[in-house]
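Colleague: Provided below are the primary sequence and the corresponding predicted coordinates.
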Amino acid sequence: MVLPTPSSLISTACGLLLGGPLGTLTSLLGMSISCTLGYALGRFGRTALRNRMLSETDLVRLEHLYQRTGDWLVVITRPVPVLAEAAVIVAGMGRMPFARFLLLSTLSNLGISLVYALVGAFSADSGAFFWSFAGAILLPLAALLLMKRSVVS
């Protein structure tokens with residue numbers, strides 16, 4: 001959660017090295033543990049994080065955005081680097097009920113893990129590293145565009 005590790009490449013590598021089903025499960029487990037840690041960081045470090053990282057104006061904007069799109073923010077940002085981690089921490093800071101957060105993030109992580117692992121497994125079968133790399137880049141880009149469109153609308 002706090003280290004710059006590209007989950008898209010790691011999840012794709014899971015599929016490449018472990019195959020589709022086991023790669024999906026491994027990626028899902030890693031992403032879900034990371035989400036839980038990020039949520040806990042936001043929930044229990046709320047005051048310290050808010051005072052260090054956000055101005056009062058930023059906090060008001062963030063809370064307004066979270067109230068409007070909290071559930072979607074968690075789901076849609078999962079494949080987007082940096083925003084994924086920020087949304088998870090914000091969900092904890094916003095005190096989203098943990099069971100709801102866990103359900104939303106796990107379902108989103110499952111879809112993402114499945115796609116990345118299958119791209120990795122496909123590239124292993126076809127010997128085409130390009131597909132693996134392209135999938136790891138294009139999925140976050142598509143998610144970012146979708147998120148921008150839904151938040152701006």
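Modeller: Nice, I can see it.

Colleague: so how far is residue 68 from residue 61?
Modeller: Distance, residue 61 to residue 68, by Cβ to Cβ, to the nearest Å: 11 Å. Placement of C-beta: from N, CA and C, glycine included.

Colleague: again, but for residue 74
Modeller: Distance from residue 74 to residue 68, counting by Cβ to Cβ: 13 Å.

Colleague: more neighbours, those two?
Modeller: Set side by side, residue 74 and residue 68 show unequal neighbour counts under other Cβ atoms under 10 Å, the larger going to residue 74 at 25 against 10.

Colleague: what about that one, distance to residue 24?
Modeller: As it turns out, when the distance is counted by Cβ to Cβ, residue 74 lies 20 Å from residue 24.

Colleague: show me the residue at the heart of the chain, geometrically.
Modeller: Centroid check for the chain by Cα atoms, centre = their mean gives residue 78 as the closest residue, at 2.3 Å.

Colleague: show me what contacts that one?
Modeller: Neighbour list for residue 78: 31, 84, 87, 105, 108, 109, 112, 143 [criterion: Cβ atoms under 8 Å, 6 or more residues apart in numbering].

Colleague: with adjacent residues omitted, what lies nearest to it?
Modeller: In space, not counting the residues next to it along the chain, residue 78 is nearest to residue 108; the distance is 4.2 Å by Cβ to Cβ, 6 or more residues apart in numbering.

Colleague: thanks again, I'm all set now.
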